[in-house]
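Okay, here's the prediction I keep looking at, along with the sequence it came from:
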Amino acid sequence: MCGIIGYAGKTEAVNVLLDGLERLEYRGYDSAGVAVVSPEGKLQVKKSKGRLAVLRDLLQESDSLVGSIGIGHTRWATHGEPNDKNAHPHVGQDGKIAVVHNGIIENYLEIKNYLIRKGVTFQSDTDTEVIVQLMEYYYKKYSNLMDAVYAVLNRIKGAYAMGILCSDYPEQMLAARKDAPLLIGYGEKENFIASDVTALLSHTRTVTYMEDDEVALITADSVQIYDSDRSPVEKEKHIIAWDVSAAEKGGYAHFMLKEIMEQPEAVRKTVSPRITDGKIVFEELKEAVELLQNITRIYIVACGSAYHVGMVGKYTLEKLLHIPVEACLASEFRYSEPILGESALVIVISQSGETLDSMAALREAKKKGSKVLSIVNVMGSSIARESDYVLYTWAGPEIAVATTKAYTTQMVLLIMLGVYFAKQLSRISEEEYDKIMVGLDSLPEKIKDVLKNIDNYQKTASRYFNHSSVFYIGRNVDYALGLEGSLKLKEISYIHSESYAAGELKHGTISLIEPGTLVVALATYAPLLEKTLSNVVEVKSRGAEVILMATEETAKTISSQSSELFVIPETHPVLQPVLGVIPLQLFAYYVALNRGCDIDKPRNLAKSVTVE
Ligand code: G6P
């Protein structure tokens, strides 16, 4: 989704802004722009529809933007189509103030009509333009930028992270946030703002996260943050552990492939710090153990792939804990009436920690008296900060829009959590517990073994990349895996794909199976192997071509069922889905590669969805 970068320093701002925007490209965008104020107070803006390369060309064709203070933006259109005039930064009609904005201003129409009545002419179709026009309106009235900013913030409703420049204040950049991420980076005689830490890693790793309703005044030499009453606030600084190379491709053709290959290491980093003397120890949850005794149900709430992790969690945690577990889409959860309160535990899963629906679900759960435990990848993100307990996945920055290593580490952590809770509640035998610990220990190596078969997935993908429709079927955790495999395929290759609980296929969807339809049948869940195989026979007898995934053991007996086999190593059954997802990621990757798709930045998609 939209990205913001801002710079106040001593070097040419435009270079820093373009570098930052490049690092934000992965979030998904359709236009980009920059604004720079010269030391003499000249506000210069360049923006255009399309990729950053178009903006770079535009900057080369025209006079360079001079000045060491500036703001930049990548836009993912919500209000108004992606075109030059709707791109950010937006400038007020007096040409004094420029604003970049992430989020949505809900009452923009009312403000727009008010300003039109006052004689303001609007240039774009965006909600953002009302911010800057209203700011200039108040600036004219109060002759003070800070007064104007606070007046705007008091009047607008909705979500925003914004960067503000004013030609009358050529040494200052202002920033404000509410319900959209924004952080400040501290350098040597230079300071930054960004919507995402990856934009800053090449300059600084010392950051502060802005909280809702805060306003920051930033110059090259100082940062001052104010609360909603305009009182100065002292903020804690954080040092980000990620380094810049972690957010670069490192020789791989795509971030997605790099991130798939990083999974053994990401899983190792997530698992091993939490194992002491052969036992799972969550330092982060020491105080949560008491709470567990009173929990009668668990909701796992998330969006997209993180929701699919929740589906695996539903099957696994219910089995381990013997209490009802529901996996919920965050966008539905917040508008349904879940039975919350002290006896419900809500687990929120989010890579970015900024997904708006997941955040809203978290707030709803807390408001209704439930404790919230989150599984998050980005340190200091909003969901992490507002949760009662946080478990971080140590996957490192994930740049490809289609998640892989974050998904896998979320799943491992959720399974570990289930095992840990089961132990605390004495619902697992010593013997079983020890077997799972052995499985956890060897998991990174087994992931490496799956990755060794990369050529096989590549070959299979090159045989099937022209199919126009692909079905995934499976039962229990294989059904959950199918949902993820199907999502991976459709998001990056644009092939229509459906995922079904294998037993449900007969209730309608089997009518779509015809000669040549590709079915990916997942049969790694041993207790229901026979039943899944019956479904395979059903689709084959209707002419479907089948790719069958099984574990090494079962593959020996079922290899006659399909000429296309994805075979994964055996591990403890609760950990099996961690291995099962990897062939599905690679298959989707190579199908998309064969189709010439923009794998890391699929059309219309955003890495972090911060609007409803
Ligand atoms: C977007 C991404 C998905 C991700 C989902 C939830 O749709 O493209 O890959 O699973 O958001 O994001 P989160 O950051 O909350 O895990």
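That came through, no problem. As the structure is a prediction and not an experimental result, all values here were calculated from the model.

Quick one, grab the pLDDT at the closest residue to residue 543 other than its chain neighbours.
Distance criterion C-beta to C-beta, 6 or more residues apart in numbering; nearest residue to residue 543, sequence neighbours excluded, is residue 515 at 3.1 Å. For every residue, glycine as well, the C-beta is placed using N, CA and C. On the pLDDT scale, residue 515 is placed at 90.

Shouldn't residue 515 be within a strand?
No - counting by DSSP: H, G, I helix; E, B strand; the rest coil, residue 515 is not found in a strand; it is coil.

How many residues are close by it?
Neighbour count of residue 515, defined by other C-beta atoms under 10 Å: 8.

What of residue 490?
Around residue 490 there are 18 other residues, counting by other C-beta under 10 Å.

Likewise for residue 469?
15.

So what touches the helix or strand where residue 217 lies?
For residue 217, the element it lies in under DSSP states H and E is strand 215-218. Identification of contacts with strand 215-218 by C-beta atoms under 8 Å, 6 or more residues apart in numbering yields 6, 8, 146, 149-150, 153, 172-176, 184, 191, 193, 210, 223-226, 230.

interface residues of the stretch 201-350 of the chain facing the ligand?
Neighbours of the ligand within the stretch 201-350 of the chain, by C-beta under 6 Å from any ligand atom: 303, 304, 305, 306, 350.

repeat that with 8 Å
Contacts of the stretch 201-350 of the chain with the ligand, taken as C-beta under 8 Å from any ligand atom, map to 302, 303, 304, 305, 306, 307, 308, 330, 349, 350.

Out of those, who's the most crowded?
Per-residue neighbour counts (other C-beta under 10 Å) across those peak at residue 349, which has 34 neighbours.

Let me know the average pLDDT across the helix or strand harbouring that one.
For residue 349, the host element (DSSP H and E) is strand 344-350. The pLDDT scores in strand 344-350 average 97.

Indicate each strand paired with it and its parallel or antiparallel sense.
As defined by DSSP bridges, the strand partners of strand 344-350 come to strand 297-302 (parallel), strand 371-376 (parallel).

Which positions in the longest helix anywhere in the chain come out as buried?
Assignment by DSSP state H gives helix 430-452 as the longest helix of the chain. Under the neighbour-count criterion of 16 or more other C-beta atoms under 10 Å, helix 430-452 has 433, 436, 437, 439, 440, 443, 444, 446, 447, 450, 451 buried.

Look at the fourth one and report its pLDDT.
Yep, that's residue 439 we're talking about. pLDDT recorded at residue 439 is 97.

Please name every helix or strand in contact with the host helix or strand of residue 73.
For residue 73, the element it lies in under DSSP H and E is strand 69-75. The contact analysis (3 or more C-beta pairs under 8 Å, 6 or more residues apart in numbering; DSSP states H and E) places strand 69-75 against strand 3-8, helix 13-24, strand 31-37, strand 97-102, strand 160-166, strand 173-178.

rerun at 6 Å
The contact analysis (3 or more C-beta pairs under 6 Å, 6 or more residues apart in numbering; DSSP states H and E) places strand 69-75 against strand 3-8, helix 13-24, strand 31-37.

other SSEs contacting the following helix or strand past that strand?
Sequence order places strand 90-91 as the next helix or strand after strand 69-75, per DSSP H and E. Packing partners of strand 90-91 (3+ C-beta pairs under 6 Å, 6+ apart): helix 128-142.

quick check: angle from the helix it packs on to strand 69-75?
150 degrees (axes from the mean of the first three to the mean of the last three C-alpha atoms, to 10 degrees).

For helix 128-142, output the C-alpha coordinates as PDB.
Extracted in PDB, the C-alpha atoms of helix 128-142 (Å, rounded to 0.1, in the frame of the first residue of the first chain):
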ATOM      1  CA  THR A 128      -5.700  13.700   0.400                       C
ATOM      2  CA  GLU A 129      -6.100  17.000  -1.400                       C
ATOM      3  CA  VAL A 130      -8.600  18.200   1.300                       C
ATOM      4  CA  ILE A 131      -5.800  18.000   3.900                       C
ATOM      5  CA  VAL A 132      -3.500  20.300   2.000                       C
ATOM      6  CA  GLN A 133      -6.200  22.700   0.900                       C
ATOM      7  CA  LEU A 134      -7.600  22.900   4.400                       C
ATOM      8  CA  MET A 135      -4.100  23.400   5.800                       C
ATOM      9  CA  GLU A 136      -3.500  26.400   3.500                       C
ATOM     10  CA  TYR A 137      -6.900  27.800   4.400                       C
ATOM     11  CA  TYR A 138      -6.000  27.600   8.100                       C
ATOM     12  CA  TYR A 139      -2.500  28.800   7.400                       C
ATOM     13  CA  LYS A 140      -3.900  31.900   5.800                       C
ATOM     14  CA  LYS A 141      -6.100  32.400   8.800                       C
ATOM     15  CA  TYR A 142      -3.500  31.800  11.600                       C
END
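
so what's the residue lying closest to residue 136 once chain neighbours are set aside up against?
Distance criterion C-beta to C-beta, 6+ apart; nearest residue to residue 136, sequence neighbours excluded, is residue 92 at 3.3 Å. Each residue near residue 92 by C-beta atoms under 6 Å, 6 or more residues apart in numbering is listed here: 132, 133, 136.

Mind pulling the model confidence for the last one?
As summarised for this prediction, residue 136 has a pLDDT of 97.

Which parts of the chain belong to which domain?
As given by automatic domain parsing, the domain ranges for the chain are 3-246, 249-451, 453-612.

can you tell me if the shortest one touches the ligand.
It stands for domain 453-612. Yes - Domain 453-612 reaches the ligand (C-beta under 8 Å from any ligand atom) through 491, 605, 606, 607, 608, 609.

burial measure for the last one, as a count.
Spelled out, it's residue 609. Residues near residue 609, counting by other C-beta under 10 Å: 20.

Give me the residue ranges of this structure where confidence is low.
Flagging of the chain using pLDDT under 70 yields an empty set of residue ranges.

and residue 40, how many neighbours?
A count of nearby residues for residue 40, using other C-beta under 10 Å, gives 9.

Not counting its neighbours along the chain, what's nearest it?
Among residues not flanking residue 40 along the chain, residue 170 sits closest, at 7.1 Å (C-beta to C-beta, 6+ apart).

go on, residue 300?
residue 310 is the one closest to residue 300 (C-beta to C-beta, 6+ apart), at 3.7 Å.
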